[in-house]
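1. Quick one, what's the 3D model for this:
(chains A and B)
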Amino acid sequence: DGGITQSPKYLFRKEGQNVTLSCEQNLNHDAMYWYRQDPGQGLRLIYYSQIVNDFQKGDIAEGYSVSREKKESFPLTVTSAQKNPTAFYLCASSIGRATEAFFGQGTRLTVV
Amino acid sequence: GQQVMQIPQYQHVQEGEDFTTYCNSSTTLSNIQWYKQRPGGHPVFLIQLVKSGEVKKQKRLTFQFGEAKKNSSLHITATQTTDVGTYFCAGSAGGADGLTFGKGTHLIIQP
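-> Numbers count the residues shown, from 1 in each chain, chains lettered A, B, ... in the order given. Here you go, the predicted structure:
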C-alpha cells in the first residue's frame, strides 16, 4: 500500500536530549512537510522540502533541523534548543507545493 | 504573511442538527482545501475548491468557495456521531506559496 509512515507513534525523552522523528513515504511525492500541532493552535509549519537536498524553514523552525537525502525520507530532529518540544508532530507529503497533502499517523513527543 | 482565520473554534451540536464552519483569508486564494481530523488521528483530505463561487457536495457535506476567493465554508446537514472531529481549511495564494492552515473547528456532537 502507498502511504506515509511516521515512527514511533509515542516518544519520551529527557529534557536536554536531541531526538529524531522518522518520516518515510512511498507515494513518489516531491514535497514533504513537518507540522507541529498543539491544542488550540492548529497546524504550524516547521520545515518543508520540495526536492532532494533542499529544504526551507517554515513558521516555527527554531530548535528544529531536517535533512532530505532521499526523496522518500524527511527526518526531523528536535534539538535541545527547542524550548517547549512536547507536542504532536505530523509529517505530510504532496505532489506539489499546494496540492492535496497526505499525512502520516503522527508522533506524540513528550519531554520530561 | 497570509493568514487564514477559521470560526468557530468549538461547536457543540445535538445529533441531527446542522453544522457550519467558516474560513476567511487575508489574501485572495488560488485554491482552498478542507481536511478532517478524527480525535487521536491525523488530518485527512476532504476536498479542494479552485473556482470563484464553486460549490461541491459530498453526501451530507457542502463546500463553498466565495466569489472573491477569500472565504469558504463547510456545511454538514443532519450531523451524525461519525462527524465528530476537527475540520481544517487550508488555503494557498498560488505560485510558490504553500498551504496555510486555519486553526480548525472542533465539532462535538451530543447524542
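
2. So what's the residue count around B:Phe65?
-> Residues near B:Phe65, counting by other Cβ atoms under 10 Å in any protein chain shown, number 24. C-beta coordinates here come from the backbone N, C-alpha and C atoms, glycine included.

3. I'd assumed B:Gln48 was in contact with it.
-> No: counting by Cβ atoms under 8 Å, no contact exists between B:Phe65 and B:Gln48, whose distance comes to 9.6 Å.

4. Give me the contacts around the lowest-mean-pLDDT helix or strand in chain B.
-> One helix or strand of chain B scores below all others by mean pLDDT, DSSP states H and E: strand B:100-101, with a mean of 93. Defining contact as Cβ atoms under 8 Å, 6 or more residues apart in numbering or on different chains, one finds that strand B:100-101 is touched by A:35, A:42-43, B:1-4, B:25, B:35, B:88-92.

5. how about a cut-off of 10 Å?
-> With Cβ atoms under 10 Å, 6 or more residues apart in numbering or on different chains as the test, strand B:100-101 has contacts from A:35, A:37, A:41-45, A:59, A:98, A:101, B:1-4, B:6, B:23, B:25-27, B:29, B:33, B:35, B:43, B:88-93.

6. Okay, and which of the residues you listed map to strands?
-> Among the contacts of strand B:100-101, the residues falling in strands (DSSP state E) are A:35, A:37, A:42-45, B:4, B:6, B:23, B:25, B:33, B:35, B:88-92.

7. quick one on the thing from earlier: can you name every helix or strand that the helix or strand just after the least confident helix or strand of chain B contacts?
-> Per DSSP states H and E, strand B:100-101 leads on to strand B:105-110 as the next helix or strand towards the C-terminus. Applying 3 or more Cβ pairs under 10 Å, 6 or more residues apart in numbering or on different chains; DSSP states H and E, one finds that strand B:105-110 contacts strand B:10-14, strand B:19-25, strand B:71-76, strand B:85-92.

8. partners of strand B:105-110, with directions?
-> Paired with strand B:105-110 in the same sheet, following DSSP bridges, are strand B:10-14 (parallel), strand B:85-92 (antiparallel).

9. Next, the angle strand B:19-25 makes with that strand.
-> If you take axes from the mean of the first three to the mean of the last three Cα atoms, to 10 degrees, strand B:105-110 sits at 170 degrees to strand B:19-25.

10. Just the buried residues of strand B:105-110, please?
-> In terms of neighbour count (16 or more other Cβ atoms under 10 Å in any protein chain shown), strand B:105-110 has its buried residues at B:Thr105, B:His106, B:Leu107, B:Ile109.

11. which one among these gets closest to chain A?
-> B:His106 (9.1 Å; Cβ to the nearest Cβ).

12. So among the contacts of strand B:100-101, which ones count as buried?
-> Among the contacts of strand B:100-101, the ones that count as buried (16+ other Cβ under 10 Å) are A:35, A:37, A:42-45, A:98, A:101, B:4, B:6, B:23, B:25, B:27, B:29, B:33, B:35, B:43, B:88-93.
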